[in-house]
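Participant: pasting the structure only:
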């Protein structure tokens, strides 16, 4: 079960700035004894919030945040699959490696204020747009 404090923490963090899976792991840190169990829980939290439309997955590009074009279902499935794959292999997830997340209502406003210097292009393994 995903508790309300976790959801509120994730949403508050996303209101301040873009977040990614490691930030979600931070909010579930007391729910499991090891990193890879926390990664699986974080995937479930991201899945729930994406499916509910409360966060939007995307990539950070030279032009700012670019929301993924696929459906919520496809995006959530990809996020969970990648997190589980990483956990199964014992690999840690780095910021932005699987996805960046934003609050839907803030995506256009942040895009207007974006600086042109952003992170490198995302890995080619992203779901097709």
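Facilitator: That came in fine, so what should we check first? None of the values given here were measured: they were computed from a predicted structure.
Participant: low pLDDT regions in this protein?
Facilitator: Counting by pLDDT under 70, the ranges of the chain that qualify are 106-129.
Participant: and the longest strand for it?
Facilitator: Using DSSP state E to define each element, the chain has its longest strand at strand 56-61.
Participant: list the buried residues of the helix or strand just after that strand.
Facilitator: Counting by DSSP states H and E, the next helix or strand C-terminal to strand 56-61 is strand 64-67. By neighbour count on 16 or more other CB atoms under 10 Å, the buried set for strand 64-67 is 64, 65, 66, 67. All C-beta spots, glycine's among them, are computed from the backbone N, C-alpha and C.
Participant: so how far is residue 1 from the second one?
Facilitator: Between residue 65 and residue 1 the computed distance is 30 Å (CB to CB, to the nearest Å).
Participant: with the first one instead?
Facilitator: Residue 64 sits at a distance of 35 Å from residue 1 (criterion: CB to CB).
Participant: next one: the third one
Facilitator: From residue 66 over to residue 1 the distance is 32 Å, taken as CB to CB.
Participant: strands of this protein, start to end?
Facilitator: With DSSP E as the criterion, the chain has strands spanning 19-20, 56-61, 64-67, 100-102.
Participant: now residue 103: how far from residue 17?
Facilitator: Taken as CB to CB, the span from residue 103 to residue 17 is 10 Å.
Participant: same check, this time on residue 84
Facilitator: From residue 84 across to residue 17, the span is 26 Å (CB to CB).
Participant: more crowded one of the two?
Facilitator: residue 84 (14 against 11; other CB atoms under 10 Å).
Participant: hmm, residue 43 and the more buried one touching each other?
Facilitator: Yes: counting by CB atoms under 8 Å, residue 84 does reach residue 43; the two are 6.5 Å apart.
Participant: overlap in contacts of those two?
Facilitator: Here residue 84 and residue 43 share no contacting residue, scored by CB atoms under 8 Å, 6 or more residues apart in numbering.
Participant: tell me the contacts of the closest residue to residue 90 other than its chain neighbours?
Facilitator: Spatially, and ignoring its direct neighbours in sequence, residue 90 is nearest to residue 36 (6.6 Å; CB to CB, 6 or more residues apart in numbering). The neighbours of residue 36, taking CB under 8 Å, 6+ apart as the test, are 86, 87, 90.
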